[in-house]
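> predicted model follows, preceded by the sequence.
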Amino acid sequence: MNNRWLMSATYVLLAGALVAMTSCAPAKEVDVVREVTKLVKAQVGEDVVIAYIEKQGAHAALSADDIVDLKKAGASDKVLVMLMTGKGGGAAGSGDFPFDLDQQYRVGKPVISGAMAVYPIIRKGPDLKTEYQTLDEATKDKAIVIKELSDASVPVVVIINSGKLPVYISAGEIIIGGKQDRVISHDIIIHPGREMRVDVKCVEHGRWQGGRAEFESAGYMAGNASRKAAQFKAQGDVWNEVAQQNAAAKAAPGTGTYRAAFSKPEIKEATDNYIKEILPKLEDRNCVGMVVVIGGKIHAIEIFGSPSLFGKLKEKLLKGFILDAMTSKETKADPPGKDKIIEFYKSTQSAKAQELKKYDKNTNYKQESSKAVGNECRDEDGEVLHRSYLAH
């Protein structure tokens, strides 16, 4: 009995020693270079790769061969810097975010999806004094009617506001119907009881017919190139941009309409996936805009006068930019840091403003720099409703 007890005790002590030895043994070192190479090849996005490196710690012994192999796998310079130094060099996740864009706005950390990176812009100043309905809200409430002129003219439609609130419509909004689909050329405010002639351009080259004289919202905005053409160029330039985008989307509509790409099931499905991933990151109650990046290049900056106005329009804006991303050749986001974003913003904001289009209750001003062309819409009191900076 005593011998059995001694044997059992011995086994317990041996087992305890083995556990102690195992727990004290150093954990197997993670080969950060190999794991990062896997992540880069899987195209999980720079933000995810940098977060992984931050968790594991910088790999200070990175060799020249390691750098060459990582570069061949598709690693960005920012990932390489992060591996060597533990500092992201301005990349997303390196501590740059949030940062002040200027005295009024702050930029948050980006959400990355595919080739797109979208940074929320948060206001620090007061809201607009006036409440506006959007095109979609007013249409749903049957507060506005959009129709062809009695003699039907390509560059003009008539909009009647029979509601109780002023209606704000952004440049780039697509309206479908009439004798051909159109895009709104300039931001406009239409007050209650007003009937106004509004500048538009055609985004459906091959049709000039139809029994229905009225229009409705398409539910999305035009992308970068088509919006720039609609605001700052001629009708022929708009048709060219629409044709190029349809060709990139492998859409071949008989009438050359902009909506052809959005009508393709695979594009609609991909757009919905992008929206589900990005939109929740723009839900901050003080969010008034976004910086859009495609393939590492700043594509656009959109800022509105209030979170309410941006909240109503952000999905429509995103859809236009998502189509841009899907029809580009870019596959990786590679998001820039704060220095490039501030430089892009300030170079365009500080450019000389030229009156572009004046309506009854608002005026549009063109601002152009080497990096972008912008539109700033101000109401009759000088309040900024919308800044839109579209990259060249």
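Okay, I see it.
> look at stretch 203-222 and report the distance between its end residues.
Distance across stretch 203-222, first residue to last, is 10 Å (CA to CA, to the nearest Å).
> okay, buried residues for it please.
Val203, Glu204, His205, Arg207, Ala213, Phe215, Ser217, Ala218, Tyr220, Met221, Ala222 (16 or more other CB atoms under 10 Å). To be clear about C-beta, it is placed using only N, CA and C from the backbone, and glycine gets the same treatment.
> and what of stretch 245-259?
Going by neighbour count (16+ other CB under 10 Å), the buried part of stretch 245-259 is Gln245, Asn246, Ala249, Ala251, Pro253, Gly256, Thr257, Tyr258, Arg259.
> equivalent analysis for stretch 376-384, please.
Residues of stretch 376-384 classed as buried by neighbour count (16+ other CB under 10 Å): Glu376, Cys377, Arg378, Asp379, Glu383.
> could you do stretch 102-112 as well?
Judged by neighbour count using 16+ other CB under 10 Å, the buried positions of stretch 102-112 are Tyr105, Arg106, Val107, Gly108, Lys109, Pro110, Val111, Ile112.
> any chance of these in CSV, with distance to Phe310 too?
Formatted as CSV, the buried residues of stretch 102-112 follow (distance: CB to CB, whole Å):
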residue, distance to Phe310
Tyr105, 12
Arg106, 14
Val107, 14
Gly108, 14
Lys109, 18
Pro110, 17
Val111, 16
Ile112, 20
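> export the helix or strand hosting Glu216 to CSV, keeping only CA atoms.
If you go by DSSP states H and E, Glu216 is part of strand 215-221. Taking Å, rounded to 0.1, in the frame of the first residue of the first chain, the C-alpha atoms of strand 215-221 are listed here in CSV:
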residue,chain,number,x,y,z
PHE,A,215,-38.1,61.9,-64.7
GLU,A,216,-37.3,60.0,-61.5
SER,A,217,-34.1,59.5,-59.5
ALA,A,218,-31.9,56.6,-60.6
GLY,A,219,-30.8,56.1,-57.0
TYR,A,220,-27.1,56.6,-57.7
MET,A,221,-24.7,59.4,-58.8
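> strand partners of that strand, parallel vs antiparallel please.
Applying DSSP bridges to the sheet, strand 215-221 is found paired with strand 173-177 (antiparallel).
> other residues contacting the helix or strand just after the partner strand?
Counting by DSSP H and E, the next helix or strand C-terminal to strand 173-177 is strand 182-184. Residues from elsewhere that reach strand 182-184 (CB atoms under 8 Å, 6 or more residues apart in numbering): 157, 169-175, 198-204, 215, 222, 226-227, 230, 238, 258.
> so which of these sit within helices?
Counting by DSSP state H, the part of the contacts of strand 182-184 found in helices is Ser226, Arg227, Ala230, Val238.
> domains in this protein, as residue ranges please.
Domain assignment for the chain, taken from automatic domain parsing, gives 25-95, 133-391.
> quick one, longest strand in this protein?
strand 144-153 (DSSP state E).
> distance between that strand and the chain's centre?
Offset of strand 144-153 from its chain centre (CA atoms, centre = their mean, to the nearest Å): 32 Å.
> and that strand, C-alpha only, in CSV?
Extracted C-alpha coordinates of strand 144-153, given in CSV (Å, rounded to 0.1, in the frame of the first residue of the first chain):
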residue,chain,number,x,y,z
ILE,A,144,-41.4,67.7,-56.8
VAL,A,145,-41.9,67.1,-60.5
ILE,A,146,-39.1,66.9,-63.0
LYS,A,147,-40.1,67.1,-66.6
GLU,A,148,-39.0,68.0,-70.1
LEU,A,149,-39.5,71.5,-71.4
SER,A,150,-42.6,71.9,-73.5
ASP,A,151,-40.3,72.0,-76.6
ALA,A,152,-37.9,69.4,-75.1
SER,A,153,-34.4,70.7,-74.9
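> got the buried residues for it?
Neighbour counts using 16+ other CB under 10 Å place Ile144, Val145, Ile146, Lys147, Glu148 of strand 144-153 among the buried residues.
> residues in contact with the second one?
Right, Val145. So Val145 contacts Ile159, Ile160, Ser162, Glu214 (CB under 8 Å, 6+ apart).
> beta partners of it?
The partner residues for Val145, given DSSP bridges, come to Ile160.
> distance of it relative to Thr139?
9 Å (CB to CB, to the nearest Å).
> how about the third one?
Distance check for Ile146 against Thr139: by CB to CB, it reads 8 Å.
> which neighbours do the two have in common?
Glu216.
> find the nearest non-adjacent residue to Val79, please.
Once flanking residues are discounted, Val79 sits nearest to Val49: 5.3 Å by CB to CB, 6 or more residues apart in numbering.
> surely that neighbour touches Leu39?
Yes. Between Val49 and Leu39 there is a contact under CB atoms under 8 Å: 5.0 Å.
> and the two? Which one has more around it.
Using other CB atoms under 10 Å as the criterion, Val49 and Leu39 rank with Val49 on top: 26 against 20.
> tell me who's in contact with that one.
Val49 touches Val36, Leu39, Val40, Ala75, Val79, counting by CB under 8 Å, 6+ apart.
> which SSE is the residue nearest the centre of the chain in?
For the chain, the residue sitting closest to the mean C-alpha position, by CA atoms, centre = their mean, is Val292 at 3.8 Å. Using DSSP H and E, Val292 sits in strand 287-294.
> let me see the mean pLDDT of that strand.
If you average the pLDDT over strand 287-294, you get 98.
> contacts for that strand next, please.
Strand 287-294 has contacts (CB under 8 Å, 6+ apart) with 105, 107, 110, 115-123, 282, 298-307, 309-311, 314, 317, 321, 324-325, 328, 330, 333, 335-336, 341, 387.
> can you flag which of those belong to strands?
Using DSSP E, the subset of the contacts of strand 287-294 located in strands is 105, 107, 116-123, 298-304, 387.
> which one of the buried residues of stretch 376-384 is nearest to Lys357?
Set against Lys357, the nearest of the buried residues of stretch 376-384 by CB to CB is Cys377 (9.3 Å).
> did I read that right, that closest one in a strand?
Yes. Per DSSP: H, G, I helix; E, B strand; the rest coil, Cys377 lies within a strand segment.
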